[in-house]
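Asks: predicted model follows, preceded by the sequence.
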Amino acid sequence: MSISRPGHQDNKKDATLSTSRIAVKPFPAIRKRITINSTEIQLFARYINDLTGIHIEPSKAYLLETRLGKILEHESCDSFTTFYYKAKADTSKIIEKQIIDAITTNETLFFRDASPFELLKHKILPEVFDKRSNKSVRIWSAACSTGQEVYSIAIILRELLGPVNGTNLKLVGTDISDAAIKQASYGMYNKFEIERGLPRERLQRYFESHGENWKIKDEIRFMTSFNRFNLMGSFAGMGKYDIIFCRNVAIYFTLDDRIKVFNKIADCLEPDGYLIIGSTESLTGVCPRFVPKRHLKSIFYQLR
Ligand SMILES: C[S@@+](CC[C@H](N)C(=O)[O-])C[C@H]1O[C@@H](n2cnc3c(N)ncnc32)[C@H](O)[C@@H]1O
C-alpha cells in the first residue's frame, strides 16, 4: 500500500511506509441503527393514531425509524417492541410527549398562503368587530405549531385596530406538541424561520433581534396565549369562537377523524362565525354543517 500526500516534501519517504507503521486512529463505534419490523409498524401506527389522530401508512416505516430512533436510543431500548412497552408503561408521560413532538410535522410560516390574512384584514375582522361592538372577539388557531400563524393574525389585528386592548380580544393558539407550544409562547425565531413569509418591514416593526434570532415584541405577544390541546380529545369547556383557523392539520387524519374534528369545531363556532382551513383542504364530504363561501380569491366556511 502506498500513501501519497500531495504537496508534502517527504512524499517519497511516505510511499515506503508499511501499513503496520501507520498509527490507525480508532473509528468511533458505529452503532447499528435499529430497524422496525412490520408488527412494530402496526403497533406504533395504532399507538400514534390513538394519541394524535395522525395516520401513518405501513409504507412509512422509515418515518418511524428516523423520527423515533433517537428517543429509542436515549431510552436504551434494543428494539421498537421494548420501546413501545416502555413508552406505554411510562406514567410520567415524558416518553409519550417526546414521541408526539417527534412525530408531528410542525411545518409552518408567517402569513402562510397570504390570502387568508387578506381575507381576515379586509372582510372578516371588519365584519366581526362591527357586529360585536363592545363584546369581546374570540379567535382560535387550532394546531398553531410554533406560533407563526397566531402572530400573523396578531399583526393583522394590530395594523387594523392600532394598539389592542387585551380585554376585548382573546387570541389563542393551541397545538398537541409541547415543544411547538413552548416556542410559540416564547416567540423566538431563527433566521430561517424569520425569512419565511415575513416581509422586512414587519420584521423591523414587530420583532427585536436577539443575537442571531428574532423575538416577537411584547406588544404583539401580550395579545396572544398558547395552550397544549389535542384535537382528538373532548372540546368541552372550549366556549364559542368568532373565528377559527384550523389549517394543514386534518390532512394527517383519517376521514373518520376529520369528520369528528370538524363537527366538534362546528360546535364551538359562533352561529355567524368564520372557519378558515388550509388552501389544499376541503370540507366537502367531511362536515355538511359548513357551507363554503368565496371572497375574492379566498374561501372560508360558515355554519348553514
Ligand atoms: C403542518 S402544522 C400546521 C401549522 C399551521 N396551522 C399552518 O398551517 O401553518 C400541523 C400542526 O398540527 C399539530 N397537530 C397534529 N395532530 C394534532 C392534534 N391531534 N391536535 C392538535 N394539534 C395537532 C402538529 O403538532 C403541528 O404543529
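Replies: Structure received.
Asks: going forward, measure contacts between C-alpha atoms and count neighbours the same way
Replies: Fine.
Asks: tell me which residues in the longest strand along the chain are buried?
Replies: What stands out as the longest strand in the chain, according to DSSP state E, is strand 269-277. Within strand 269-277, the residues that count as buried by 16 or more other Cα atoms under 10 Å are 269-270, 273-277.
Asks: could you do stretch 44-59 as well?
Replies: 44-49, 51-56.
Asks: how about the residues of the stretch 51-200 of the chain by the ligand?
Replies: Proximity of the stretch 51-200 of the chain to the ligand (Cα under 6 Å from any ligand atom) is limited to residues 52-53, 104-109, 143-145, 149, 175-177.
Asks: of those, buried ones?
Replies: Buried by 16+ other Cα under 10 Å: 52-53, 104, 106, 108-109, 143-145, 149, 175-177, out of these.
Asks: how does this protein divide into domains?
Replies: Per automatic domain parsing, the structural domains of the chain span 38-103, 115-303.
Asks: can I get those in JSON lines with mean pLDDT and distance to residue 32?
Replies: Output for those, formatted as JSON lines (pLDDT from 0 to 100; distance: least, Cα to Cα, whole Å):
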{"stretch": "domain 38-103", "mean pLDDT": "96", "distance to residue 32": "10"}
{"stretch": "domain 115-303", "mean pLDDT": "96", "distance to residue 32": "28"}
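Asks: can you show me the helices along the stretch 51-200 of the chain?
Replies: Counting by DSSP state H, counting those that start in this stretch, the stretch 51-200 of the chain has these helices, from start to end: 61-74, 80-89, 94-103, 115-119, 125-132, 148-161, 178-186, 191-195, 200-206.
Asks: can you list contacts of the fourth one?
Replies: I take that to be helix 115-119. Helix 115-119 is contacted from outside by 111, 152-153, 156, 276, 295, 297-298, using Cα atoms under 8 Å, 6 or more residues apart in numbering.
Asks: next: the fifth one.
Replies: Judged by Cα under 8 Å, 6+ apart, the contacts made with helix 125-132 from elsewhere in the structure are 137, 157, 242.
Asks: check which residues of that helix are buried.
Replies: Buried residues in helix 125-132 (16+ other Cα under 10 Å): 125, 128.
Asks: can I get it in PDB, CA atoms only?
Replies: Provided in PDB are the C-alpha atoms of helix 125-132 (Å, rounded to 0.1, in the frame of the first residue of the first chain):
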ATOM      1  CA  LEU A 125     -62.300  41.300  11.100                       C
ATOM      2  CA  PRO A 126     -64.200  44.400  10.000                       C
ATOM      3  CA  GLU A 127     -67.500  42.400   9.900                       C
ATOM      4  CA  VAL A 128     -66.800  40.700  13.300                       C
ATOM      5  CA  PHE A 129     -65.800  43.900  15.100                       C
ATOM      6  CA  ASP A 130     -68.800  45.700  13.600                       C
ATOM      7  CA  LYS A 131     -71.200  43.000  14.900                       C
ATOM      8  CA  ARG A 132     -69.600  42.500  18.300                       C
END
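Asks: of the residues of the stretch 51-200 of the chain next to the ligand, which pair is most distant in space?
Replies: Distance extremes for these: the farthest pair is 53 and 109 at 22.8 Å, using Cα to Cα.
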